[in-house]
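Peer 1: need coordinates for the following:
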Amino acid sequence: MKSARKIPATVVTGFLGAGKTTLIRHLIQNAGGRRIALIVNEFGDIGIDGELLKACGAPDCGGEDIVELANGCICCTVADDFIPTMEALLGRDQPPDYIVIETSGLALPQPLVRAFNWPEIKTRVTVDGVVALIDAAALARGELAENEQRLEAQRQADDMLDHETPLGELFADQINCADLIVLNKSDLVEGEALARIERDIAHEAQPGARILKASHGALPPEVIIGLEASAEDEERLSHHERAHGGVADHDHDHDDFESFGVTLGQVDELDAFRDSIANVAAEHAILRLKGFAAVKDRPMRLVVQAVGPRVDTYFDSEWPAGSPRQTRLVVIGEAPVSRDAITEALVKAAGS
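Peer 2: Model (predicted):
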């Protein structure tokens, strides 16, 4: 017989480049025998984050335990994608011990938390906690992401959402819904600035939320899971909902962002390719660029992660048998994105 115990689920949210995938990779590599299922809500038309997580090599998280929802923001596709996916996971002969959900950087957490009250899953799963990742290094510069223009350092005094940028509103909603707030990249911020950021975040957070500092998302699993918040039993409203009398409406505008995929040939020179990506990101105000690259005369697959002008690369594994040696990247930026110009620049960067 299947256990009547509700399976705990953690929702991991955060802005683009905050380090969600890195934190989850660290979590599943240190799962301690827990069978963890992952739901990854990729924002883009090439499934990159799911492949990164599959490459982590953790014995307790196989490929069959990773489900990628790539049809758009998870909070907008609850009925069509999220609920059926949850039903499939919960209906397995051997259900997971734990579920971790990585949302898109554009997702509002509140509608997703409320989805756990849908009759199809309410009796079988609970929201153990909502974890929000914050890019502390960006905040120290007064920005939300590596190459964002300077945003206001504090909320408008009147609480009217019309007085905030869409990104500022989204950022505040993610903080306000969280049970655990992780100030990632804290090692890149001086002590006084980090203390100021922590005070500002605490002002936005819900009562009882914990704020932790981290570098490279390296936190013990016991800190991230086991919060026992039962968040679905609370009415966690967004700023917009509170401003309109508690009406559950998350009609946020995704047209502020665009993403597209680029497929290239093999990269001729790795160092030149890395430098060129940084230049392209800076020139075209790219928020995030990520993917895999095939490097000439190298048998291993290169992982590419760029947040603004900072570019990280590493070889993760040999190319899968039968898989074409191609460079596949996802570009995410604020609309309008110069797709043709960016694609042309990346082609030149690869030398293909």
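Peer 1: which strand runs longest in this structure?
Peer 2: In terms of residue count, the longest strand belonging to the chain (DSSP state E) is strand 125-135.
Peer 1: and that one, what does it pack against?
Peer 2: Helices and strands touching strand 125-135, by 3 or more CB pairs under 8 Å, 6 or more residues apart in numbering; DSSP states H and E, are strand 7-14, helix 20-29, helix 109-115, helix 166-177, strand 180-184. Glycine gets a C-beta too; all of them are placed from N, C-alpha and C.
Peer 1: including distance to residue 281, mean pLDDT and mean neighbour count, could the ones you listed go into CSV?
Peer 2: Formatted as CSV, those follow (distance: least, CB to CB, whole Å; pLDDT from 0 to 100; neighbours: other CB atoms under 10 Å):
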stretch, distance to residue 281, mean pLDDT, mean neighbour count
strand 7-14, 19, 92, 25
helix 20-29, 18, 84, 22
helix 109-115, 27, 84, 23
helix 166-177, 18, 80, 22
strand 180-184, 20, 92, 25
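Peer 1: these: which one's closest to residue 134?
Peer 2: strand 180-184 (5.3 Å; CB to CB).
Peer 1: for the next helix or strand after the closest one, buried residues please.
Peer 2: Using DSSP states H and E, the helix or strand that directly follows strand 180-184 along the chain is helix 191-204. Buried residues in helix 191-204, counted by 16 or more other CB atoms under 10 Å: 194, 197-198, 201, 204.
Peer 1: for residue 292, give the beta-bridge partners.
Peer 2: Note on residue 292: beta-bridge partners by DSSP bridges are residue 303, residue 328.
Peer 1: quick one: it and residue 300 touch, right?
Peer 2: No. If you go by CB atoms under 8 Å, residue 292 and residue 300 don't touch, sitting 10.4 Å apart.
Peer 1: neighbour count winner among those two?
Peer 2: Counting neighbours by other CB atoms under 10 Å for residue 292 and for residue 300 shows that residue 292 has the greater number, 22 against 13.
Peer 1: look up how far residue 324 lies from that one.
Peer 2: Note on residue 292: its distance to residue 324, by CB to CB, to the nearest Å, is 11 Å.
Peer 1: which is the next helix or strand following the lowest-mean-pLDDT helix or strand in the chain?
Peer 2: One helix or strand of the chain scores below all others by mean pLDDT, DSSP states H and E: helix 239-243, with a mean of 57. Where DSSP H and E defines the elements, the next helix or strand beyond helix 239-243 is strand 257-264.
Peer 1: could you list the low-pLDDT ranges of the protein?
Peer 2: Applying pLDDT under 70 to the chain flags the ranges 1-4, 42-65, 68-80, 106, 145-166, 237-257, 308-309, 334-335, 352.
Peer 1: hmm, back to that, format the helices and strands packed on strand 125-135 as TSV; extra columns: distance to residue 91.
Peer 2: Listed next are the helices and strands packed on strand 125-135 as TSV, based on distance: least, CB to CB, whole Å:
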stretch	distance to residue 91
strand 7-14	12
helix 20-29	22
helix 109-115	17
helix 166-177	28
strand 180-184	29
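Peer 1: of all those, which one is nearest residue 273?
Peer 2: Nearest of those to residue 273, taken as CB to CB: helix 20-29 at 21.4 Å.
Peer 1: for that closest one, enumerate the helices and strands it packs against.
Peer 2: Contacting helix 20-29 under the criterion 3+ CB pairs under 8 Å, 6+ apart are the following elements: strand 7-14, strand 36-40, helix 49-54, strand 98-102, strand 125-135, strand 180-184, helix 221-224.
Peer 1: and it, how far from the chain's centre?
Peer 2: Centroid separation for helix 20-29 versus its chain: 11 Å, with CA atoms, centre = their mean, to the nearest Å.
Peer 1: stretch 273-290 too?
Peer 2: 19 Å.
Peer 1: pull the CA atoms of that stretch into CSV?
Peer 2: Taking Å, rounded to 0.1, in the frame of the first residue of the first chain, the C-alpha atoms of stretch 273-290 are listed here in CSV:
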residue,chain,number,x,y,z
PHE,A,273,34.4,32.3,-27.6
ARG,A,274,34.1,33.0,-23.9
ASP,A,275,35.3,36.6,-24.3
SER,A,276,33.0,37.1,-27.3
ILE,A,277,30.0,36.0,-25.3
ALA,A,278,30.8,38.6,-22.6
ASN,A,279,31.0,41.3,-25.3
VAL,A,280,27.8,40.2,-27.0
ALA,A,281,25.9,40.2,-23.6
ALA,A,282,27.2,43.7,-22.7
GLU,A,283,26.4,45.1,-26.2
HIS,A,284,22.9,43.8,-26.4
ALA,A,285,21.9,44.0,-22.7
ILE,A,286,21.3,40.2,-22.5
LEU,A,287,20.0,39.1,-19.1
ARG,A,288,21.0,35.5,-19.3
LEU,A,289,22.7,33.2,-21.8
LYS,A,290,23.1,29.5,-21.1
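Peer 1: re the thing from before, what's the overlap in contacts for residue 292 and residue 300?
Peer 2: Common neighbours of residue 292 and residue 300, using CB atoms under 8 Å, 6 or more residues apart in numbering, do not exist here.
Peer 1: indicate which one of the helices and strands packed on helix 20-29 is closest to residue 312.
Peer 2: Among the helices and strands packed on helix 20-29, the nearest to residue 312 by CB to CB is helix 49-54 (11.9 Å).
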